[in-house]
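>>> need a structure here:
(4 chains)
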Protein chains: 2
Amino acid sequence: MSERSRYHHGALREALIDAGEHLARSDGLDGVTVRRIAAACGVSAAAVYRHFPSGDHLIAAVAQRAREIMARDMFARLDSAAGRPPIDRLREVGESYIAFALAEPRLFSLVSMPMTTPPDRPDDPNAGDLVRDIVLELEPPGTVDEQRVASRMMLAQASAHGLAVILRDFVPDPQARAMLIAGVLDRVGVGLEA
Amino acid sequence: MSERSRYHHGALREALIDAGEHLARSDGLDGVTVRRIAAACGVSAAAVYRHFPSGDHLIAAVAQRAREIMARDMFARLDSAAGRPPIDRLREVGESYIAFALAEPRLFSLVSMPMTTPPDRPDDPNAGDLVRDIVLELEPPGTVDEQRVASRMMLAQASAHGLAVILRDFVPDPQARAMLIAGVLDRVGVGLEA
DNA sequence: CGCCCGTGTTTACGGCGTTAACATCTGCCG
DNA sequence: CGGCAGATGTTAACGCCGTAAACACGGGCG
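Have a look, this model is predicted:
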């Protein structure tokens, strides 16, 4: 089975997700469509249904791909903050999330879609677990107050997500964005330590 | 011109927005479509274009309607908190926003759409201005630090919006929702006063 | 060798937004 | 009061969308 099969594609599923990712980057959510993705792979639209039960599952897979890309960004940035206090690393994660949303707004619009399909491998880099791990370090040694952990996670995630969305939609000026990110994350830090 | 004209409708524009609102409540975003809205008004799809330059403008108008409904909720709830300290009223506004998002998730999905069209009357009840007015009361008398005001507004709006979205998509249990709302808003309050 | 099944194709259906051409009603002007 | 013009409706058509059914190819196993 060489790569030249040209009838049987060989790795269409991955190719479809790749094409979807590129279409999302270039044309945004509206460009991510079964027919366009299939065409980008040089394949008929119906071929998609050999690999995904529906078009929504395909775009859910592309969304999952986008989440993995963002998660890689966040992990990379976290590595360069290794050893710093948990609160600093939480801020790093938040800044990373927001930076991604503003740098790749179209990809981010996939990230923030409700996940209709469970991820293929539910154990790969996951932003939620990442936040939880850091938040756990804020707990007094030897005990874990689940409710406190949950509210801290929620505050971190909600404020980062909300800020990203509002900045993307309503604050075009990069300088204003930077000011607001710094100011809000300062305050979130205070709230997280409370 | 009685109401029986039946050819010339008389108030089609408003009727379309009404129908869009009801469709949004019952069928969610996917139900809010030019053809369906027109059909709900007993009118052909093309008639829409006598009143809106495009279907997107119609659904933007429906979204604006949804925002006004939510704003009315928030103002009503604020009235019953008149006289309380600003921080308490901010919390009331946040709770109101989140409650609406969870009580009317489909309508809320319109609210949180990026506004493509300026509102018809940009001076009617507006949640943003409301928040700003309360945040201003937190300033020391006689001075206004615009940057501090902006970051407080942003924190309030971003955390409420983010929390609403995350709870709607990922936390079905009402009790867990209530716990998280209380916990997060406590922390946001701390961050707002910092 | 030959058959089966995984994976591709073509074709078709209904729903979508939108436009063009036509129809009807209403208000105003002579 | 008559009639014309413009506002507001209609139908028909186009191209895009997701999806299903029926068919075609081709690689691997008996």
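
>>> my read: residue A:74 touches residue A:97, true?
Yes. When contacts are counted by C-beta atoms under 8 Å, residue A:74 is listed as touching residue A:97 (6.6 Å). Bear in mind the C-beta positions are built from the backbone N, C-alpha and C, glycine included.

>>> residue ranges with poor pLDDT in chain A?
Applying pLDDT under 70 to chain A flags residues A:1-9, A:120-123.

>>> Which positions in it make contact with chain B?
Counting by C-beta under 8 Å from any C-beta of the partner chain, the residues of chain A close to chain B are A:112, A:114-115, A:147-148, A:150-152, A:154-155, A:157-163, A:165-166, A:169, A:179-180, A:183-184, A:186-192, A:194.

>>> switch to 7 Å and redo it
A:114, A:147, A:150-151, A:154-155, A:157-159, A:161-163, A:165-166, A:169, A:179-180, A:183-184, A:187-188, A:190-192, A:194 (C-beta under 7 Å from any C-beta of the partner chain).

>>> so of the residues you listed, which ones are in helices?
Secondary structure from DSSP state H places A:147, A:150-151, A:154-155, A:157-159, A:161-163, A:165-166, A:169, A:179-180, A:183-184, A:187-188, A:190-192 of the residues of chain A next to chain B in helices.

>>> Report the buried members of those.
Neighbour-count burial (16 or more other C-beta atoms under 10 Å in any protein chain shown) is assigned, among those, to A:150-151, A:154-155, A:157-159, A:161-163, A:165-166, A:179-180, A:183-184, A:187-188, A:190-192.

>>> Just want the most central residue of chain A.
Closest residue to the average C-alpha location of chain A: residue A:67 at 3.0 Å, with C-alpha atoms, centre = their mean.

>>> I'd like to know how far the closest residue in space to that one that isn't next to it in sequence sits from chain B.
Ranked by C-beta to C-beta, 6 or more residues apart in numbering or on different chains and with sequence neighbours excluded, the top spatial neighbour of residue A:67 is residue A:111, at 5.3 Å. As judged by C-beta to the nearest C-beta, to the nearest Å, residue A:111 and chain B stand 12 Å apart.

>>> Next one: the closest residue to residue A:19 other than its chain neighbours from residue A:105, what distance?
Nearest non-adjacent residue to residue A:19, counting by C-beta to C-beta, 6+ apart: residue A:40, 3.9 Å away. Distance of residue A:40 to residue A:105, given as C-beta to C-beta, to the nearest Å: 21 Å.

>>> Which parts of chain A are helices?
Taking DSSP H, the helices of chain A run over residues A:12-27, A:34-40, A:55-79, A:86-103, A:105-111, A:127-136, A:146-170, A:174-193.

>>> Tabulate those (a markdown table), appending distance to residue B:101.
Converted to a markdown table, the helices of chain A look like this (distance: least, C-beta to C-beta, whole Å):
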| stretch | distance to residue B:101 |
| --- | --- |
| helix A:12-27 | 26 |
| helix A:34-40 | 30 |
| helix A:55-79 | 21 |
| helix A:86-103 | 20 |
| helix A:105-111 | 19 |
| helix A:127-136 | 20 |
| helix A:146-170 | 12 |
| helix A:174-193 | 20 |
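
>>> Which one's more surrounded, residue A:74 and residue A:97?
Shown here are residue A:74 and residue A:97; by other C-beta atoms under 10 Å in any protein chain shown, residue A:97 has more neighbours (25 against 22).

>>> and that one, what is it in contact with?
Contact partners of residue A:97, counting by C-beta atoms under 7 Å, 6 or more residues apart in numbering or on different chains, are A:74, A:160, A:164.

>>> what sits against residue A:31?
When contacts are counted by C-beta under 7 Å, 6+ apart, residue A:31 touches A:23-24.

>>> if you set the cut-off to 10 Å instead, what comes out?
Taking C-beta atoms under 10 Å, 6 or more residues apart in numbering or on different chains, we find residue A:31 in contact with A:20, A:22-25, A:37, A:40, A:106.

>>> Please report the distance of it from DNA strand D.
8 Å (C-beta to the nearest atom of the strand, to the nearest Å).

>>> Same question for residue A:27.
9 Å.

>>> Now that residue. Nearest residue, chain neighbours left out?
Of all residues not flanking residue A:27 in the chain, residue A:106 sits nearest, at 7.5 Å (C-beta to C-beta, 6+ apart).

>>> Surely that neighbour is in contact with residue A:63?
No. Here residue A:106 lies out of contact with residue A:63, judged by C-beta atoms under 10 Å, at a distance of 11.8 Å.

>>> which residues are in contact with both of those two?
Common contact partners of residue A:106 and residue A:63 (C-beta under 10 Å, 6+ apart): A:24, A:29, A:32.

>>> Filter those down to the buried ones.
Buried members of those, scored by 16+ other C-beta under 10 Å, are A:24, A:32.

>>> out of the shared contacts of residue A:106 and residue A:63, who's nearest residue B:129?
Of all the shared contacts of residue A:106 and residue A:63, residue B:129 sits closest to residue A:29, with 29.9 Å by C-beta to C-beta.

>>> Skip the chain neighbours and tell me the closest residue to the closest one.
residue A:109 (5.0 Å).
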